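# A structural model of the following input is requested.
(chains A and B)
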Amino acid sequence: MNKRRFVAKRETAWRRFEQLLDRLDTISLRRFSPAETAEFSRLFRELCYDLSLIRSRDWGQGLVSYLNDLVSRGHNAFYSSPPGNLGHLVRFLAVGFPRLFRKNIGYFLAAAAIFFGTLGVSWAVVQHDPALASRIIPPQQLQMMEEMYGENGPLGKGHKHPTDDSDDELGDLSDFGQQRALMAGFYVQHNAGIALDCFGRGILFGLGTVYTLIENGIALGAISGYLIAHGHSSRFLSFVISHGSFELVAIAVAGGAGLMLGNALIHPGQRTRLESLRVRGLEAIQIACGAAAMLMVAALIEAFWSPSPDIPNFVKYAGGALLWVVVFVYLSTAGRWERES
Amino acid sequence: MLSGMSSGNPQPGRSLRVSTDLVIETPENVVLTYRLAGPAARLLAYTVDFFLRAALLSVMYRLVGLGFAAGLGGISLGMLLLMMFFIDWAYYGISEGFFRGKTIGKHVFGLRVIQEEGYPITLWGALLRNIVRAADSLPLYVIFPFYGAGFITMLAAGRFRRLGDLVARTAVIEERRVSVPREPIILEKIEPLPRTDLGGYVPSGQTLALIEQFLGRRHVLTYRRGHAMAYILARALAKKLAYAGDPQLVDRYPMAFLARVYATFFQVHEDDDAEDAAQGKAGAAGRPRPALAGAAP
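Reported below is the predicted structural model:
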């Protein structure tokens, strides 16, 4: 078979395959009619054969790279994984995530020890000597915090609902519902960002994760200690207890996932470092995404339930305690009774 | 770049130190080579994505202004922050996960993320490689993240993999859009060498393919350099062919000589083939025919 004749003979098939590939750029393989799918699969195998034939004959780089390009595009389209859907997401949150979490509970415990440990220490220290807080948190921010949780803050009894002075520049922001929606967005953006940062930086041998955990632990502890030392304890605690369940635990969960990445590099076991990173990385990312989902729940609670001035404190404490139980039960039992599929 | 010229058959698993090719073997037992995308192309794609995200945010920002006017300031501001989160953390992961390894910037520059084994990227892989961006983009943010860690790993780990690629086992490739190569030589215009000037030697099909490739790419060389390179092959061929014609042709215009050799023997191979066909031996010994009906495995 001569090259020229071979090309002449096969060119129509190649062009047809190219057409199908161009169509696949705009629609998915599932939308192909059965006949088209069959044709695609047949042409794909034919082209594979053409490519090896041309390679073995050494018929020129131009032709080889042309076919190589076609076959690789076909390969990519042919073997693409089925796209996920909402059902997958629900199943992941109900079964997959808690299972993976329990499988790797040790990392979570380590991250929790680091996070809650530093949080507790800095809380205790600052509560004992509130002047230290300004060394950790910028004074303006402390000022802001104090206003927020103070007697006249939005959580305080003496707080006037400022709907009447709506001529301030933020106008409708003073409306409770509006303000809450704003805060929900903020909490998602801020907290989930921290958690994912905390996870992603674990690749630096876990140091990035440890740093982020300690940094946030110290800051949160200092603020808590400072506010309680200044006598805002009831407003502050009733505010944080509910969403703290999901939020603080989720940060430790994301930290645990980050430590998984780090440990995969430090203790690769029988695998090479890269291989171990890949195997454990795929589990770690799922745990981190689960943590991000938990933080979205936390953001909703933090925005709409925690700051509500109409809910009496004891209800908040009870609800908060219930939420801690919910988090514990969710992480420790969800997916336990479902059979392996 | 070096491997671009090599015509030898690539071996999967053999990693050449100096190569921008990723070689994989498919389940069809075909070896595919991908060209890896280097930092420069990826930076360009990143820049496009960056400005796109910025544009998206500024549109959202305008909408917030409208929201305030409509008395929904809080909700629209909340939505803006939510969008900021998703644009920061999910833009890459979602688009690579759902659009077969492409973001818009990557699409513009013909890049695609695939798994190192050649399979398309999965959603989890896409999310993973893009959340690790947080580490890759360290250190330094001055408007634009500098990707110090990512750049260093790219150089150190080989195959231009940043940390995210190492974790998710992915590679970024350049997709070439090549069209069927045209015949570089207009055979009708080239006179075959007179048979009387030639001995009995017939150059192999591979030699002819080499000549064809060389002539097809001659425009990338200067006239002098092209002739100088062609001279090496032309002299060797002239010797083997026992060429008895004008020696000036070989010495001064080796490219023309090669073209004429090609024109001469191309016909010979065609004739061979025609004879094969005439004898009706479909699978002449040791010569596999291309499968036309999907008989390939």
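# Which residue ranges of chain B form helices?
B:39-69, B:73-89, B:91-98, B:104-108, B:123-131, B:133-136, B:148-157, B:163-168, B:205-216, B:223-241, B:247-252, B:254-279 (DSSP state H).
# Chain neighbours aside, what residue packs nearest to residue 259?
Picking chain A for this. Leaving aside its sequence neighbours, residue A:259 sits nearest to residue A:107 (Cβ to Cβ, 6 or more residues apart in numbering or on different chains; 4.6 Å). C-beta: built from backbone N, CA, C; applies to glycine.
# looking at chain B here, not the other one
Per Cβ to Cβ, 6+ apart, closest to residue B:259 is residue B:190, 5.3 Å.
# which ones are touching that neighbour?
B:259-260, B:262-263 (Cβ atoms under 8 Å, 6 or more residues apart in numbering or on different chains).
# hmm, try it at 10 Å
The neighbours of residue B:190, taking Cβ atoms under 10 Å, 6 or more residues apart in numbering or on different chains as the test, are B:256, B:259-264, B:266.
# for the stretch 151-297 of chain B, what are the low-confidence residue spans?
Flagging of the stretch 151-297 of chain B using pLDDT under 70 yields the residue ranges B:178, B:181-188, B:267-297.
# can you map out the helices along the stretch 101-250 of chain A?
With DSSP state H, counting those that start in this stretch as the criterion, the stretch 101-250 of chain A has helices at A:105-128, A:133-136, A:139-149, A:176-187, A:193-200, A:207-229, A:233-266.
# Can you say which of those is packed in most?
helix A:193-200 (a mean of 26; mean count of other Cβ atoms under 10 Å in any protein chain shown).
# tell me the mean pLDDT for that one?
Helix A:193-200 shows a mean pLDDT of 84 in the predicted model.
# quick one: it near chain B?
Yes - shown here: helix A:193-200 in contact with chain B (Cβ under 10 Å from any Cβ of the partner chain) through A:193, A:195-200.
# okay, the helices of the stretch 101-250 of chain A in CSV with distance to residue A:10 next?
Converted to CSV, these look like this (distance: least, Cβ to Cβ, whole Å):
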stretch, distance to residue A:10
helix A:105-128, 55
helix A:133-136, 72
helix A:139-149, 70
helix A:176-187, 57
helix A:193-200, 47
helix A:207-229, 53
helix A:233-266, 47
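# Among these, show the one with the smallest mean pLDDT.
helix A:176-187 (a mean of 73).
# Which secondary structure elements does that helix sit against?
helix A:273-300, helix B:73-89 (3 or more Cβ pairs under 10 Å, 6 or more residues apart in numbering or on different chains; DSSP states H and E).
# Minimum distance to residue A:211: which of the ones you listed has it?
helix A:273-300 (16.6 Å; Cβ to Cβ).
# what angle separates the closest one from helix B:73-89?
180 degrees (axes from the mean of the first three to the mean of the last three Cα atoms, to 10 degrees).
# from the middle of its chain, how far away would the following helix or strand past helix A:273-300 be?
Per DSSP states H and E, the first helix or strand lying C-terminal to helix A:273-300 is helix A:313-333. Put simply, helix A:313-333 sits 22 Å off its chain's centre (Cα atoms, centre = their mean, to the nearest Å).
# Helix A:313-333 to helix A:273-300, inter-axis angle?
150 degrees.
# What are the buried residues along helix A:313-333?
A:316, A:319-320, A:323-324, A:327, A:330-331 (16 or more other Cβ atoms under 10 Å in any protein chain shown).
# OK, contacts around residue B:195?
Here residue B:195 is in contact with residue B:264 (criterion: Cβ under 10 Å, 6+ apart).
# For it, give its distance to chain A.
20 Å (Cβ to the nearest Cβ, to the nearest Å).
# how much space between that residue and residue B:244?
Between residue B:195 and residue B:244 the computed distance is 11 Å (Cβ to Cβ, to the nearest Å).
# Also residue A:124?
Residue A:124 is 102 Å from residue B:244, by Cβ to Cβ.
# Next: residue B:266.
21 Å.
# Tell me which of those two has more neighbours.
residue B:266 (22 against 12; other Cβ atoms under 10 Å in any protein chain shown).
# contacting residues around the residue nearest to residue A:205 when sequence neighbours are not counted?
Leaving aside its chain neighbours, residue A:205 sits nearest to residue A:262 (5.0 Å; criterion: Cβ to Cβ, 6+ apart). Counting by Cβ under 10 Å, 6+ apart, residue A:262 touches A:107, A:201-210, A:277, A:280, A:284.
# Mind doing that once more with 7 Å?
If you count contacts by Cβ atoms under 7 Å, 6 or more residues apart in numbering or on different chains, residue A:262 has them with A:202, A:205-206, A:209.
# Selecting buried members of these in ChimeraX, what would you type?
For the buried members of the contacts of residue A:262, the matching ChimeraX selection, counting by 16+ other Cβ under 10 Å, is:
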select /A:202,206,209
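# so what are the domain limits for chain A?
A:3-78, A:86-333 (automatic domain parsing).
# Run a quick neighbour tally on residue A:43.
22.
# Name the nearest residue to it, ignoring sequence neighbours.
Residue A:43's closest residue in space is residue A:17 (Cβ to Cβ, 6+ apart), at 4.4 Å.
# Could you report the neighbour count for that neighbour?
Neighbour tally, residue A:17, other Cβ under 10 Å: 23.
# From residue A:290, how far out is residue A:257?
Taking Cβ to Cβ, one finds residue A:257 at 9 Å from residue A:290.
# pLDDT score assigned to the residue of chain B found nearest chain A?
Residue nearest to chain A within chain B: residue B:74 (2.6 Å; Cβ to the nearest Cβ). Per-residue confidence (pLDDT) for residue B:74: 70.
# isn't it right up against residue A:182?
Yes - applying Cβ atoms under 7 Å, one finds residue B:74 in contact with residue A:182, separated by 4.2 Å.
# shared neighbours of residue A:257 and residue A:290, anything?
Residues touching both residue A:257 and residue A:290 (Cβ under 7 Å, 6+ apart): none.
# And residue A:198, how close does it get to residue A:70?
Distance, residue A:198 to residue A:70, using Cβ to Cβ: 44 Å.
# so the closest residue to residue A:335 other than its chain neighbours, which of the three states?
Nearest residue to residue A:335 in three dimensions, chain neighbours excluded: residue A:95, at 3.6 Å (Cβ to Cβ, 6+ apart). When classified by DSSP: H, G, I helix; E, B strand; the rest coil, residue A:95 comes out as helix.
# Just give me the neighbour total for residue 25.
Because you didn't say which chain, this covers chain A. For residue A:25, using other Cβ under 10 Å, the count is 12.
# look at chain B instead
Neighbour tally, residue B:25, other Cβ under 10 Å: 15.
# Might one say that it is in contact with residue B:31?
Yes - with contacts counted by Cβ under 7 Å, residue B:25 reaches residue B:31, the gap being 5.3 Å.
# Please look at residue A:278 and residue B:170 and confirm they touch.
No - with contact defined as Cβ under 7 Å, residue A:278 does not count as touching residue B:170 (9.7 Å).
# who's more crowded, those two?
The neighbour count for residue A:278 versus residue B:170, taken as other Cβ under 10 Å, is higher for residue B:170 (25 against 21).
# and that one, what does it touch?
Contacts of residue B:170 by Cβ under 7 Å, 6+ apart are B:113-116, B:121, B:125, B:129.
# Now intersect the residues you listed with the strands, please.
Secondary structure defined by DSSP state E assigns B:113-115 of these to strands.
# For chain A, tell me which of those residues show up nearby.
residue B:114 (Cβ under 7 Å from any Cβ of the partner chain).
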